[in-house]
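just to be clear, the model below is a prediction. Sequence and coordinates:
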Amino acid sequence: MTSWSEIYKSEINKKGGLLPFVLNKERRSAGALIQRMRKVFPEGARILEVGTGTGAIGALLTKYGYVVTGIDVDEEMLKIARESFSLFGASDKVFCMDAEDIVEKFGKDSFDCVITHGMLEHYQDEEIISHLKKQLEVAPYAICVVPMKSMSSYYRSRGLGDERYLPTRYWRKLLSKNFNVKKVFGFGFKETGLKYVPERIIKNNTFAKLLAPLCAFNEFWITRNR
């Protein structure tokens with residue numbers, strides 16, 4: 001069976017190496033996410049990336065002055081993540097650990113924000129809520145990015161088969177039962193049947209909110225229930 005590290009090593013090679021791969025992320029969804037974060041979190045804010053994967057997003061946040069910690073359970077992916085973080089001088093901030101252990105490891109309110117990208121869609125509803133509750137113990141904000149129902153079969157085939165592709169309304173309802181859903185943004189037309197719609201449209205936050213149900217990915221900003 002193909003592993004995640006093999007999938008991403010192939011993607012990195014196609015982009016011409018790790019640095020071009022990371023910088024390409026910044027030109028698309030990661031760049032939009034980071035710009036939104038920069039309006040909320042000041043330079044020096046503490047960010048935990050759970051399921052850091054290639055480490056591309058964490059590395060880019062480090063580039064903009066954030067203190068980023070990345071965790072994952074996949075040792076092969078962590079090798080890539082450490083290289084990504086090292087591009088901007090933070091390779092010592094990547095650790096192998098289970099997402100279930102973050103409260104015990106780091107303590108409550110030890111970060112300003114927790115982010116996940118391409119993680120929660122692998123879990124069932126009750127597990128998703130459990131993960132997010134733990135994330136919101138260590139930080140007041142959690143930002144989760146997940147693939148959506150509108151993603152085309154071609155792009156779905158790149159995964160390992162256990163992803164859940166659900167519509168925006170399902171995620172909003174699930175999350176709203178337990179948390180405050182502050183914002184929902186969409187991105188990614190290339191990965192849908194609307195691939196000819198210009199991507200620049202959803203670099204505007206207003207359109208990113210309005211068009212979220214049509215997009216391949218949604219980005220949910222949530223906080224603890226009061």
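Sure, I can see it. Numbering: from 1, shown residues only.

CA only for contacts and neighbour counts going forward, please
Noted.

which residue is nearest the middle of this structure?
In the chain, the residue lying closest to the centroid (C-alpha atoms, centre = their mean) is residue 117, at 1.9 Å.

ok, it to residue 196 distance?
Between residue 117 and residue 196 the distance is 24 Å, computed by C-alpha to C-alpha, to the nearest Å.

who touches the residue nearest to the centre of the chain in this structure?
Residue 117 sits next to 51-52, 144-146 when contact means C-alpha atoms under 8 Å, 6 or more residues apart in numbering.

and those residues, which two are furthest apart?
Spatially, the most separated pair among the contacts of residue 117 is 52 and 146, at 13.7 Å (C-alpha to C-alpha).

and those two? which has more neighbours close in?
residue 52 (29 against 23; other C-alpha atoms under 10 Å).

can you pull the pLDDT of residue 119?
For residue 119, the pLDDT comes out at 94.

what's the local residue count around it?
18.

I figured it was touching residue 146, is that so?
Yes - counting by C-alpha atoms under 8 Å, residue 119 does reach residue 146; the two are 7.1 Å apart.

the chain: strands as residue ranges?
46-50, 67-72, 94-96, 113-117, 141-147, 179-187, 217-224 (DSSP state E).

what comes into contact with the last one?
When you say that, I think you mean strand 217-224. Counting by C-alpha under 8 Å, 6+ apart, 136, 140-148, 151, 168, 178-188, 212 sit against strand 217-224.

again, 7 Å this time
136, 140-148, 179-188, 212 (C-alpha atoms under 7 Å, 6 or more residues apart in numbering).

pLDDT weak spots in this protein?
Scanning the chain for pLDDT under 70 picks out 1, 226.

out of the contacts of strand 217-224, which end up buried?
By neighbour count, with 16 or more other C-alpha atoms under 10 Å, those hold 136, 140-148, 179-181, 184-188, 212 as buried.

now the residue nearest to the centre of the chain: how far from residue 194?
Between residue 117 and residue 194 the computed distance is 22 Å (C-alpha to C-alpha).

bridged to residue 72, which residues?
residue 96 (DSSP bridges).

how many neighbours does it have?
Neighbours around residue 72, by other C-alpha under 10 Å: 22.

quick one: it and residue 48 touch, right?
No - with contact defined as C-alpha atoms under 7 Å, residue 72 does not reach residue 48; the gap is 11.0 Å.

any idea how far residue 175 is from the closest residue to residue 201 other than its chain neighbours?
Spatial nearest neighbour of residue 201, chain neighbours left out: residue 207 (6.5 Å); criterion: C-alpha to C-alpha, 6 or more residues apart in numbering. Taking C-alpha to C-alpha as the measure, residue 207 falls 22 Å from residue 175.

what's the answer for residue 105, then?
On the measure of C-alpha to C-alpha, residue 105 and residue 175 end up 25 Å apart.

higher neighbour count, these two?
Neighbour tally, residue 105 and residue 175, criterion other C-alpha under 10 Å: the higher count belongs to residue 175, 18 against 13.

cool, thanks, talk later.
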